[in-house]
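Participant: give me coordinates for this.
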Amino acid sequence: AIESILSQLLPTLVKSMVYSEEKKEELMEMNAMDERQLEDRVQDVAPVFHRSKASKGKNGDESDEDDDDEDDNYDDGKDWSLRTCSAASLDGLSSVFPPTTTLSVILPVLQECLSHADPWVREAGILALGAMEEGCAEEMYDH
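Facilitator: Here you go, the predicted structure:
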């Protein structure tokens, strides 16, 4: 059963959320290009307030109807990488297993990530926190 290997699986998933060296270089290069461009426009830095798909109808109106077809063929246009698959797996596991089981394993790993000297590891820890939010939010408030 998966529960017997959670103590190995969960830390591995979190470590897999750290960007690869190639992706880090790409992101740093993109950031440098952005920095060389002109000043930020107001519309580029203005906050965006998202609404859940469930609260909108087909015409953008609020509606209680659920469109089941949207969930059948989920494709958000993003490339799935080891990082995104690890985050999705952590999300699913934290929703399936009781928080007491997952948190006892993951909290020391998150503590290590969030206090790490490498900002890329800290960022992966923040991603892991977000991935576990749905299944463990209430229990995490104590920590």
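Participant: tell me the secondary structure at residue 39.
Facilitator: Here residue 39 is coil, with the state taken from DSSP: H, G, I helix; E, B strand; the rest coil.
Participant: following the chain past the helix or strand of the chain with the lowest mean pLDDT, name the next helix or strand.
Facilitator: Among the helices and strands of the chain, helix 69-72 carries the lowest confidence by mean pLDDT, DSSP states H and E, at a mean of 46. Helices and strands here follow DSSP states H and E; after helix 69-72, the next one along the chain is helix 82-96.
Participant: and the contacts of the very next helix or strand once past that next one?
Facilitator: Where DSSP H and E defines the elements, the next helix or strand beyond helix 82-96 is helix 99-114. The set of residues external to helix 99-114 that reach it, using CB atoms under 8 Å, 6 or more residues apart in numbering, is 3, 6-7, 10-11, 14, 93-94, 121-122, 124-126, 128-129, 132, 135-136, 138-140, 143. Bear in mind the C-beta positions are built from the backbone N, C-alpha and C, glycine included.
Participant: same question, stretch 128-143
Facilitator: Applying CB under 8 Å, 6+ apart, the contact partners of stretch 128-143 are 13-14, 17, 87-88, 90-91, 93-97, 99-100, 102-103, 106-107, 109-110, 113.
Participant: and these, which are buried?
Facilitator: Neighbour-count burial within these applies to 13-14, 17, 87, 90-91, 93-94, 97, 99, 102-103, 106, 109-110, 113; the criterion is 16 or more other CB atoms under 10 Å.
Participant: report pLDDT for residue 48.
Facilitator: On pLDDT, residue 48 comes in at 71.
Participant: equivalent analysis for the one 3 residues further on, please.
Facilitator: The predicted local distance difference test score for residue 51 is 69.
Participant: what about the longest helix belonging to the chain, average pLDDT?
Facilitator: As assigned by DSSP state H, the longest helix anywhere in the chain is helix 119-140. If you average the pLDDT over helix 119-140, you get 88.
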